[in-house]
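S.K.: Following is a predicted model, sequence given first.
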Amino acid sequence: MNGQELLIAAIIIALVIAFIISMVVVNANAKKIIDTNTHLVENQHQLVEMNRRQGSEIEKRMNELEQQSSQLEQQKSELHEQKEMIASLLQQQQELAQQLKNAVPNEVAQLQQQTKEHRKHLERAANMTDEELLPWIDTQMDEKRLFTDPTLSLKKMSKALGVTQKRLGSLFKSQPKYSNLSEYLNEKRFLYACKLLREEPSWTIEAVSIEAGFGSRRSFQIETRRRLGITPVQYRLSQGLDVAPKHK
């Protein structure tokens, strides 16, 4: 091989080596570009996911803000109503205070008078014998119609009459006519109910029963049968009255 051929061969080898080197460099650069692009794509995916999460969080926050705004509006409305209510209550309080201011002297005088009368009752009852006390109690019961209260008890009666419970209890136990307070009250209610049957022909039996303190029509019917052997309707008939009255 002469010198010219060697030169050509060397040039070719140099070109091949240069090509190989350039290819290696190109491949390396291509790999770098691919890696960079891959990294960029991953970053973009992360950004997209982050934006999605932020969007969801923002939407959630917006919903919460709307709910809070709605609650604030409701609270504002409630506060306004409360303010109006307070203003109305203050007005009523002022009016009531003025009424009390005007009424107190009269009420004090009434309370003083009631206290004085109650004290007189106590003193009078304390000085009465049992024979005197029972007629006095009868008069008080009829005047005040205490027996018309279906829940009347020894305690209530004691407070209303100004006589101690102990004395009232012993008084009714010692009376041969009544075995107990209940028997006494039933007699008062029965007599008053019969009076109403005669004087109020337009009242129903039930209305008469309740007005007299029996509490129910059945209780009055039982008491009437026990004492007279007839019903309230039959009693009304015996008085020549209408047996089909209107309601009270």
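M.R.: Noted; the coordinates are in hand. Given the structure is predicted, the values throughout are model-derived calculations rather than measurements.
S.K.: Pop the domain breakdown of the chain in here.
M.R.: 1-96, 129-238 (automatic domain parsing).
S.K.: possible to save these as a markdown table with mean neighbour count?
M.R.: Every C-beta, even on glycine, is put in place using the N, C-alpha and C of the backbone. Formatted as a markdown table, the domains of the chain follow (neighbours: other C-beta atoms under 10 Å):
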| stretch | mean neighbour count |
| --- | --- |
| domain 1-96 | 10 |
| domain 129-238 | 16 |
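S.K.: Need the ones you listed in JSON lines (columns: mean pLDDT).
M.R.: Formatted as JSON lines, those follow (pLDDT from 0 to 100):
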{"stretch": "domain 1-96", "mean pLDDT": "76"}
{"stretch": "domain 129-238", "mean pLDDT": "90"}
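S.K.: Between those domains, which one is closest to residue 113.
M.R.: domain 129-238 (14.4 Å; C-beta to C-beta).
S.K.: Report the secondary structure element holding residue 11.
M.R.: Assigned by DSSP states H and E, residue 11 belongs to helix 3-127.
S.K.: Which SSE is immediately downstream of that helix?
M.R.: helix 130-144.
S.K.: re earlier: out of the domains of the chain, the one nearest residue 123 is which?
M.R.: domain 129-238 (8.9 Å).
S.K.: picking that back up, got TSV for the domains of the chain, with distance to residue 120 too?
M.R.: Shown next, in TSV, are these (distance: least, C-beta to C-beta, whole Å):
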stretch	distance to residue 120
domain 1-96	33
domain 129-238	8
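S.K.: Could you measure from residue 71 over to residue 65?
M.R.: Separation of residue 71 from residue 65 (C-beta to C-beta, to the nearest Å) stands at 11 Å.
S.K.: One more: residue 180?
M.R.: 75 Å.
S.K.: Could you do residue 134 as well?
M.R.: Distance from residue 134 to residue 65, by C-beta to C-beta: 81 Å.
S.K.: and what of residue 156?
M.R.: 63 Å.
S.K.: swap in residue 189?
M.R.: Taking C-beta to C-beta, one finds residue 189 at 71 Å from residue 65.
S.K.: what sits against residue 234?
M.R.: If a contact means C-beta atoms under 8 Å, 6 or more residues apart in numbering, then residue 234 has no contacts.
S.K.: give me the element it is part of.
M.R.: Applying DSSP H and E, one finds residue 234 within helix 232-238.
S.K.: Next: residue 201.
M.R.: Going by DSSP H and E, residue 201 is not in any helix or strand.
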